[in-house]
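K.L.:
quick one: sequence and predicted model below, then my questions.
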Amino acid sequence: MQSLSTPSPIKSLIWQRSRVTRVSPNKLVLQCIYNSDSVSFQNGVGPNRADWQSSCAIMASKVVAQQQSIDKSASGGDADGVADHVAAVNGHKTSVELNLVPIEKATSKLTSKQNPLSITDFCPPPMHGSQLRVAYQGVPGAYSEAAAGKAYPNCEATPCDQFEVAFQAVELWIADRAVLPVENSLGGSIHRNYDLLLRHRLHIVGEVQLPVHHCLLALPGVRKEYVRRVISHPQALAQCELTLTKLGLQVAREAVDDTAGAAEYIAANNLRDTAAIASARAAELYGMQILADGIQDDSSNVTRFVMLARDPIIPRTDRPFKTSIVFAHDKGTSVLFKVLSAFAFRNISLTKIESRPHRNRPIRLVDDANVGTAKHFEYMFYVDFEASMAEVRAQNALAEVQEFTSFLRVLGSYPMDMTPWCPSIGDDDEKNLF
Ligand SMILES: O=C(O)C(=O)C[C@]1(C(=O)O)C=C[C@@H](O)C=C1
């Protein structure tokens, strides 16, 4: 891990005001946010704001698409002109003020053979000029900390005790980014984060996929036969369910907030009958021994994390991008078909679709005089598709989707994680049991 400093986790920033004021370098910024934006970030996002955000994303991406075609035809074009043009559309004077990626910088990187582009090239540096502060949920040794390090090498990883706190830390300028899990190849979606993406106003600026290699940890000297309870994050318990049974550990399984926190808890309370599912790094940090190594049910166990920032990045077309949207409709089931066909007709692949209850309107009553009243569940649909918002086909697809839907928000258009696939070592045959 790049930053091994282990600050204590940030707890709720909203209700523990002393927490907020304790972070003195951020105090002024914090007050500025409260004053300049009277809409509480806890109250969710209204439809007007959502419309505005979608329009901004579409407008900004159109400007970039146009500018990129101008750049192509006039090689050596005026880079300052690009920044001015983008800034003018967004109603600000300079790109710096908006915290946008200076396009000339990213372009010059592209021409350099020695420096291949990484996800971080698309993200603006921290405004305070120091290390990038990246909020994650959990304690040091959690997989989310490793994901933060993969997304932003050399960052200052900042532990938070809940997902929501990580969102708030970025909104309150205590952190510059948040890195949060959204789905796992075995355990499925992390629904809480889908719900929070909607309730908060952060933008997805990147993704990282992290191979997750679980170990069974216990205090030194404890044998597998003594274990009466296994504790971990619910996702980790789900990812190791079959293997635990195969190892003869048909004992109580208990969910805690994060994997490394489970190891820390056992060590702090000297629990000799309890084991944790966590990383090898957590074993090292909390003085635990590894009873079994590679206990995930599938060797290609991988968790996808998204990187969140206060400002969106400017979408580009010179490398693979993904775009995440969320929408709702109020006109029956055929709308979903129409929405999906808006992508299919333009050859845009969907990589993910997720539905969550529509919190403001969970049930729709449909009266039928002959049969009675049907109760339909209402959903928010989250869709990821493989295209950049700078591409005309993506803009057209979204314009069409907007016609069918009552609510549409672009959560972010960001570079896809293209790092080579390296599954975690240790499949069913290779598990080490000590
Ligand atoms: O508990 C951790 O270590 C985490 O980082 C959380 C989390 C998750 O929420 O899915 C992250 C990766 C693994 O899938 C297991 C747990």
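P.N.:
Arrived safely, thanks for sending.
K.L.:
let me see the ranges of the helices in the stretch 301-434 of the chain.
P.N.:
For the stretch 301-434 of the chain, the helices identified by DSSP state H, counting those that start in this stretch occupy 334-344, 392-404, in order along the chain.
K.L.:
buried residues, the last one. List them.
P.N.:
Buried residues in helix 392-404, counted by 16 or more other CB atoms under 10 Å: 394-395, 397-398, 400-402, 404. Heads up, the C-betas are built off the backbone N, CA and C, glycines and all.
K.L.:
how about the first one?
P.N.:
Of the residues in helix 334-344, those buried by neighbour count under the rule 16+ other CB under 10 Å are 335-336, 339, 342-343.
K.L.:
what residues does this structure have near the ligand?
P.N.:
138, 142-144, 181, 184, 190, 212, 233, 235-236, 258-260, 303 (CB under 6 Å from any ligand atom).
K.L.:
show me those residues that map onto strands.
P.N.:
Taking DSSP state E as the definition of strands, these contribute 181, 184, 303.
K.L.:
redo those residues as JSON lines? Include neighbour count.
P.N.:
JSON lines is the format used below for those (neighbours: other CB atoms under 10 Å):
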{"residue": "Pro181", "neighbour count": "26"}
{"residue": "Asn184", "neighbour count": "21"}
{"residue": "Thr303", "neighbour count": "24"}
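K.L.:
which of the buried residues of helix 334-344 sits closest to Ser355?
P.N.:
Using CB to CB, Leu336 is the member of the buried residues of helix 334-344 that sits closest to Ser355, with 9.2 Å.
K.L.:
confidence score at that closest one?
P.N.:
Turning to Leu336, the model gives it a pLDDT of 89.
K.L.:
so it makes contact with Val401?
P.N.:
No: Leu336 is not in contact with Val401 according to CB atoms under 8 Å; the separation is 10.8 Å.
K.L.:
take the ones in strands among the residues of the chain next to the ligand and lay them out in JSON lines including pLDDT.
P.N.:
As requested, these are exported to JSON lines (pLDDT from 0 to 100):
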{"residue": "Pro181", "pLDDT": "98"}
{"residue": "Asn184", "pLDDT": "94"}
{"residue": "Thr303", "pLDDT": "97"}
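K.L.:
format those residues as CSV; extra columns: distance to Gly248.
P.N.:
What follows is these, written out as CSV (distance: CB to CB, whole Å):
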residue, distance to Gly248
Pro181, 29
Asn184, 25
Thr303, 27
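K.L.:
low-scoring pLDDT stretches of this structure, where are they?
P.N.:
Per-residue confidence for the chain (pLDDT under 70) gives these ranges: 1-9, 11-129, 333, 361-375, 422-434.
K.L.:
one more time with 90
P.N.:
Within the chain, the set of residues satisfying pLDDT under 90 comprises 1-131, 187, 250, 299-300, 329-336, 357-379, 419-434.
K.L.:
how is this structure partitioned into domains?
P.N.:
Listed by automatic domain parsing, the domain ranges of the chain are 17-211, 216-300, 313-415.
K.L.:
which residues does the spatially closest residue to Leu237 that is not a sequence neighbour bridge with?
P.N.:
The shortest distance from Leu237 to any non-neighbouring residue, by CB to CB, 6 or more residues apart in numbering, is to Arg253 (5.2 Å). Applying DSSP bridges to Arg253 gives these bridge partners: Val230.
K.L.:
for burial, what's the neighbour tally of Arg253?
P.N.:
Residue neighbour count, defined by other CB atoms under 10 Å, stands at 17 for Arg253.
K.L.:
gap between it and Leu242?
P.N.:
Counting by CB to CB, to the nearest Å, the separation of Arg253 from Leu242 is 13 Å.
K.L.:
same thing with Asp195?
P.N.:
Distance of Asp195 to Leu242, given as CB to CB: 29 Å.
K.L.:
neighbour count winner among the two?
P.N.:
Under the criterion of other CB under 10 Å, the comparison of Asp195 against Leu242 puts Asp195 first, with 17 against 14.
K.L.:
and for the nearest residue to that one once chain neighbours are set aside, the neighbour number?
P.N.:
Residue nearest to Asp195 in three dimensions, not counting chain neighbours: Arg356, with 6.1 Å by CB to CB, 6+ apart. Arg356 has 17 neighbouring residues, counting by other CB under 10 Å.
K.L.:
what's the answer for the one 4 residues further on, then?
P.N.:
Taking other CB under 10 Å as the neighbour definition, Asn360 ends up with a count of 12.
K.L.:
ok, now Leu197?
P.N.:
For Leu197, using other CB under 10 Å, the count is 26.
K.L.:
helix, strand, or coil at it?
P.N.:
Put simply, Leu197 is helix when judged by DSSP: H, G, I helix; E, B strand; the rest coil.
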